[in-house]
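A.B. asks: next comes the sequence, and after it the predicted model I'd like to discuss.
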Amino acid sequence: MTRRAVVTGASSGIGEAVVRALRAAGWDVVGVARRGERLAALDAEVGSASFAADLTQEGDVASLAEHLASSGELHAVVHVAGGARGSDRVEDGRAEDWRWMFEVNVLSAQLLTAALLPLLRRGIAADGGHADTVFITSTAAQNAYPGGAGYNAAKAGESMLVHALRLELNGEPIRVVEVAPGMVRTEEFTLNRLGGDREAADRLYDGVEQPLVAADVADVVAYALAAPGHVNLDLVTMRPVAQSAQHLLARGPLQPRTTED
Ligand SMILES: NC(=O)c1ccc[n+]([C@@H]2O[C@H](COP(=O)([O-])OP(=O)(O)OC[C@H]3O[C@@H](n4cnc5c(N)ncnc54)[C@H](OP(=O)(O)O)[C@@H]3O)[C@@H](O)[C@H]2O)c1
């Protein structure tokens, strides 16, 4: 029996890489994001299906749930949609940026979870086994940094939703997995965060030897879903080797210490 997953944020970056990885692993996949034309191009390439929706809108989420309910069983939901806006100090923060970050990272995860849990339970009843939910949070959920407060708060909020959900689902065969990446070089994330300033976005990665790429995160998601059904990866924190902590990023080639150092 082929298992079916919903992957949000599928129109770019990590979500797109998760769609590719799950298709390669034999899953049926429904990609979700607002930009339908990008989803359609990915569908044509890898054989996924898609549904265009704004996940901060209850009506769109309800339509997605109806579409999924009438098109087969559902076994996994991978929440990737999210993002950051701005890098202002708390005292300079813009209300619309903070509101956007809360809605896209936290509220959308709640709306989607509430709408799709009944379908995951239906999938278990129909096919046996277990179901999966995976959330891409961030190391920004674990440590604050200057200029990060809005994103720190939103990702920490999403992470707390994941913790509470795992407790609430105790006793059901539903895994609740959190993957928290550090620096991932994707095409749009930092560009969007910095209001389209390409130079500033490129500067962030300046000299960093091998930031994570989207496929690195997708590999972990695919592993979490492929692990034996009784194994729940509660939290996987992953960073590039060059980033030992949020505040400690090596720029320049990584090299072993020599005796002269
Ligand atoms: N890149 C990093 O360094 C990094 C590190 C740690 C964690 N993360 C997290 O990983 C996730 C993906 O990041 P990324 O680098 O792949 O960023 P990205 O390329 O900007 O992807 C964000 C995705 O979210 C979708 N999205 C945004 N608003 C939406 C909405 N209202 N409704 C539906 N979909 C929406 C976007 O699609 P549309 O615009 O087409 O709707 C896009 O597919 C985010 O949750 C981010 O916080 C990223």
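C.D. replies: Structure's in. What do you need? Everything numeric here is computed off the predicted structure, so don't read it as measured data. Residues are numbered from 1 along each chain as shown.

A.B. asks: all helices for this protein, in order.
C.D. replies: Assigned by DSSP state H, the helices in the chain fall at 13-24, 36-46, 58-69, 95-102, 108-127, 149-168, 189-193, 198-204, 214-226.

A.B. asks: quick check: mean pLDDT of the second one?
C.D. replies: What that stands for is helix 36-46. Average pLDDT, helix 36-46: 98.

A.B. asks: contacting residues around that helix?
C.D. replies: Helix 36-46 is contacted by residues 10-12, 16, 19-20, 23, 29, 31-33, 48-52 when judged by C-beta atoms under 8 Å, 6 or more residues apart in numbering. For glycine as for every other residue, the C-beta is placed from the backbone atoms N, C-alpha and C.

A.B. asks: what's the angle from that helix to helix 13-24?
C.D. replies: On the basis of axes from the mean of the first three to the mean of the last three C-alpha atoms, to 10 degrees, helix 36-46 is oriented at 30 degrees to helix 13-24.

A.B. asks: helix 36-46: which residues count as buried?
C.D. replies: Residues G36, R38, L39, A40, L42, D43, V46 are the ones in helix 36-46 that count as buried (16 or more other C-beta atoms under 10 Å).

A.B. asks: what do you get for the fifth one?
C.D. replies: For helix 108-127, a neighbour-count test (16+ other C-beta under 10 Å) marks S108, A109, L111, L112, T113, A115, L116, L117, L119, L120, G123, I124 as buried.

A.B. asks: ok, now which ones touch the fifth one?
C.D. replies: Pointing back at T113 there. Here T113 is in contact with V77, H79, T133, L161, L165 (criterion: C-beta under 8 Å, 6+ apart).

A.B. asks: for the stretch 101-250 of the chain, list the residues in contact with the ligand, please.
C.D. replies: Selection of the stretch 101-250 of the chain residues close to the ligand by C-beta under 6 Å from any ligand atom yields V104, I136, S138, P181, M183, V184, T186, E188, F189, N192, A214.

A.B. asks: many thanks, we can stop here.
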